[in-house]
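> no sequence for this one, just the structure:
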C-alpha cells in the first residue's frame, strides 16, 4: 500500500498520518481468522478497564481525567496518550535526562515516574514553556548560543536548565555543570548550553 | 513492564497492613530504582503500594536527635538548613549522588532500599545469585571492575551504590521501622547486610516492615567533615571508591573520628578499627597513613578491581586531610 504525499489530509500531522497508514496496512495484512478472534477480546477489554486506575492530572495548565494502566510511565502517558511528543525518550532508564519535565515545579525524569503516582499533580513539559508565540528566555538563549546540534536532548536540557536557574544552582560555570550533569548531550554542545544558562541567570530575567 | 495492581495509601499503618496481605507486593515511593528494575524484568511485583501520601517527610531536630522521615526527598535533606549546619557530611554525600532530577524524586527510605547491584544483576541473560539464587555469580570470574574488595562472598561481590548511606553509617544513625508486630529500632550499621550465602537479601528488614525515619545523634564533627568520591567522570557516576570522614579536633588532637567507605562492599562500610587507632592521636599525615593501612586489612581484589587496593587508602588519606583543613 503506497501513499503519495498529496494524499495527506490537511490539518493532520505527519505523526497521526503515519499511525493511520500503519493501521490500514496492518488490517489489510491480517488473516480473516484473526479478525474473527478479535470479537472474543471483549472480555479482555473489560478486564483491562477494571485494572486501570483513575488519574486526575494537569499538564501545561490543562486538566485531564484519565484511566491509565499502572505500568504506564509519565513519559509514555505524555507522548502516547496526550500527544505531547516534545518530551523525548532517550535511554528510558533515568540515565540521560532527555525526558526531564517539571512536576509541581520540580524537575524529574518522567521515564522513572509511573503516571499514576502523579494524582493531582501539575506537570510542565517543553510545550508549556513558551508564552504562546513568545519563546521562554531559556529557549531563546539556547538558540542564541547554539546550545544544540541534533536537538534530541534539547527539550530535557531546557527543562532542566530552567529548574537549575530557579533552584539557584546557576551561580558559576562549575555549579551549572554539576547541576546539569543529569542531562547528557551526545553531540557535545555542553559549552554552549552552559553559556546559555549562565546568560539567563546573569540577566536576572524571571524564568 | 509486566503489569501489576496498584493502590495508594495515606498512613503507615495501612501501608504495613496492605504489605502483609499480598505475598509479592512492594512499596513504591520515588521509584527511581524500582521502576528501572521492573522495566528490565529484574523484579516483577504483583502489587505496588504507593506510600507517597504517607506523612513521613519531616526533617527536624528533636532534642539531640535529627529526625529525617523516610519520604523526605534526597534534595530536601541535602539542602535543609539544619542538615547543612549540623551534618554537612550528609549534605555533601547526598549532593555527590545521582543527578538533581533523580535526587528530587528519590527518598531517604528508597535510597536505603535501592538494590546492591552490578551489571550481571541487571542483565537477565546472565547468571546472578542475587537476582536468581543458585545460578552462580557472573562477576567473580567476569567483569568486576566496580566490585567489592571487602566482605565479599563466594556468591556475590556487588557493592551498595548509595552515597547517602555512607554518611549515615558514619554518623551512628538509627533506623526506625514499623511492622506487623509494631515499631522497632535498628542501628544503621546493621540495616544492610553482607552477601554471605543469601545475596538475594540486601538488608535485615523483616517481612512486612516499613522504614519510618532515620535518627542521627548530634555530634561535634561538623567543622571537620568531608565526603570524597572518586569516579569515572566528574559528576553523575557511581563511586569507584568514596570516603566519608568526620573529625572532632582539639588543636591538632583527634578527640573523635567517624569514617566510612563506599564502592567497596555489599553494604556501607564503616571503618571502626581505623577510628579506634586515630582516637587520641595527632592529626598528622603519618597517622592518617597508618589508619589507612589498618582500614585495608582483609581487603581482597579480583581481576579487574585491583586498582581499588591503592585507590581506597589514598582516598581515605585525602578525605582525612580535607576534613582536617576545612573550616
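Sure, I can see it. Keep in mind it's a predicted model, so treat the numbers as computed, not measured. Numbering: from 1, shown residues only, chains lettered A, B, ... in the order given.
> low-scoring pLDDT stretches of the chain, where are they?
This is for chain A. Residue ranges of chain A with pLDDT under 70: A:1-50.
> switch to chain B, that's the one I care about
Along chain B, the parts satisfying pLDDT under 70 run over B:327.
> In it, where's the longest helix?
Of all segments of type helix in chain B, defined using DSSP state H, the longest is helix B:308-325.
> who's in contact with that one?
Under the contact criterion C-beta atoms under 8 Å, 6 or more residues apart in numbering or on different chains, helix B:308-325 has outside partners B:149, B:224-228, B:230, B:240-247, B:249, B:259, B:261, B:263-264, B:271, B:274, B:283, B:285, B:288-289, B:291-293, B:295-296, B:299, B:301. For every residue, glycine as well, the C-beta is placed using N, CA and C.
> Three-state assignment for the residue in chain A positioned nearest to chain B, please.
Closest residue of chain A to chain B, C-beta to the nearest C-beta: residue A:182 (2.5 Å). Using DSSP: H, G, I helix; E, B strand; the rest coil, the three-state assignment for residue A:182 comes out as coil.
> Next, find the distance separating it from residue A:111.
As judged by C-beta to C-beta, to the nearest Å, residue A:182 and residue A:111 stand 12 Å apart.
> Name the residue in those two with the higher neighbour count.
residue A:111 (27 against 24; other C-beta atoms under 10 Å in any protein chain shown).
> Produce a PyMOL select command limited to the buried residues of the contacts of helix B:308-325.
The following PyMOL command selects only the buried members of the contacts of helix B:308-325, with burial defined by 16 or more other C-beta atoms under 10 Å in any protein chain shown:
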select buried, chain B and resi 149+224+225+226+227+228+230+240+241+242+243+244+245+246+247+249+259+261+263+264+271+274+283+288+291+292+295+296+299+301
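> Close to chain A: what parts of chain B are there?
Proximity of chain B to chain A is confined to B:1-6, B:8, B:28, B:31-32, B:35-36, B:38-40, B:48, B:50, B:52, B:75, B:98-102, B:104-105, B:234-236 under the rule C-beta under 8 Å from any C-beta of the partner chain.
> At which residues are the helices of the chain located?
With no chain named, the answer covers chain A. So, for chain A - with DSSP H - the helices run A:14-29, A:32-39, A:42-51, A:74-76, A:137-144, A:154-167, A:173-179, A:190-203.
> My question was about chain B, not that one.
B:12-21, B:34-39, B:74-78, B:81-86, B:88-96, B:100-105, B:108-113, B:119-122, B:164-170, B:272-278, B:285-295, B:308-325.
> Give me whichever of those helices is most buried.
Each of the helices of chain B was given a mean neighbour count from mean count of other C-beta atoms under 10 Å in any protein chain shown, and the largest, a mean of 29, is that of helix B:164-170.
> what packs against that one?
With contacts taken as 3 or more C-beta pairs under 8 Å, 6 or more residues apart in numbering or on different chains; DSSP states H and E, helix B:164-170 sits against helix B:88-96, helix B:108-113, strand B:241-250, strand B:253-262, strand B:269-270.
> Save the ones you listed as JSON lines, and put in distance to residue A:116 too.
Supplementary listing: the helices and strands packed on helix B:164-170 in JSON lines, determined by distance: least, C-beta to C-beta, whole Å:
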{"stretch": "helix B:88-96", "distance to residue A:116": "27"}
{"stretch": "helix B:108-113", "distance to residue A:116": "17"}
{"stretch": "strand B:241-250", "distance to residue A:116": "35"}
{"stretch": "strand B:253-262", "distance to residue A:116": "33"}
{"stretch": "strand B:269-270", "distance to residue A:116": "37"}
